[in-house]
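>>> here's a sequence, model it:
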Amino acid sequence: MKEYLFKRNIPPKKFASDLRISVSYLYQLLRGERKPSPELAQKIEAYTEGEVTALQLLGIEQELEGQTLAEKYEKRLCNLEETIEKIEDTLMQMEWRISELEL
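This next block holds a predicted model:
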């Protein structure tokens, strides 16, 4: 939200006034001391035309991103395990062929 206000050069007093909240409450939101109500979060999302989402403001989006990252790394780990198994199989085949050549 800070970035939005800065990029758009919107004074906090005007933003607070447009949202019908006090300036001190806005500053508490900006500092992360408080979270907005779901209604205010939706109002801010509408005001910013979706640039600042209600999910971001309510801290839900970060949780979802965290889950997505966890799932992503779980998938990578599985892929690595499969790759290691393939390498081990290839090494065993190579060792077997070498032992056959030595005989």
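>>> three-state assignment of R97?
R97 carries the three-state label helix when classified by DSSP: H, G, I helix; E, B strand; the rest coil.
>>> please renumber the chain so that the first residue is 58 from this point on.
Sounds good: first residue 58 from here, last item R154.
>>> mind checking how far it is from L160?
11 Å (C-beta to C-beta, to the nearest Å). C-betas here are computed from N, CA, C, even on glycine.
>>> more neighbours: which of those two?
R154 (10 against 4; other C-beta atoms under 10 Å).
>>> host element of K92?
For K92, there is no helix or strand it lies in under DSSP states H and E.
>>> was I right about it contacting Q113?
No. In this structure, K92 is not within contact of Q113 by C-beta atoms under 8 Å, at 10.7 Å.
>>> next, show the common contact partners of those two.
Listed as contacting both K92 and Q113 by C-beta atoms under 8 Å, 6 or more residues apart in numbering is no residue at all.
>>> so where's the protein shaky on pLDDT?
The chain contains residues with pLDDT under 70 at 118-127.
>>> how is it divided into domains?
59-115, 119-160 (automatic domain parsing).
>>> go through these and pick out the most buried.
Among those, ranked by average contacts under mean count of other C-beta atoms under 10 Å, first place goes to domain 59-115 (a mean of 14).
>>> starting at the chain centroid, how far to it?
Computed by C-alpha atoms, centre = their mean, to the nearest Å, the separation of domain 59-115 from the middle of its chain amounts to 20 Å.
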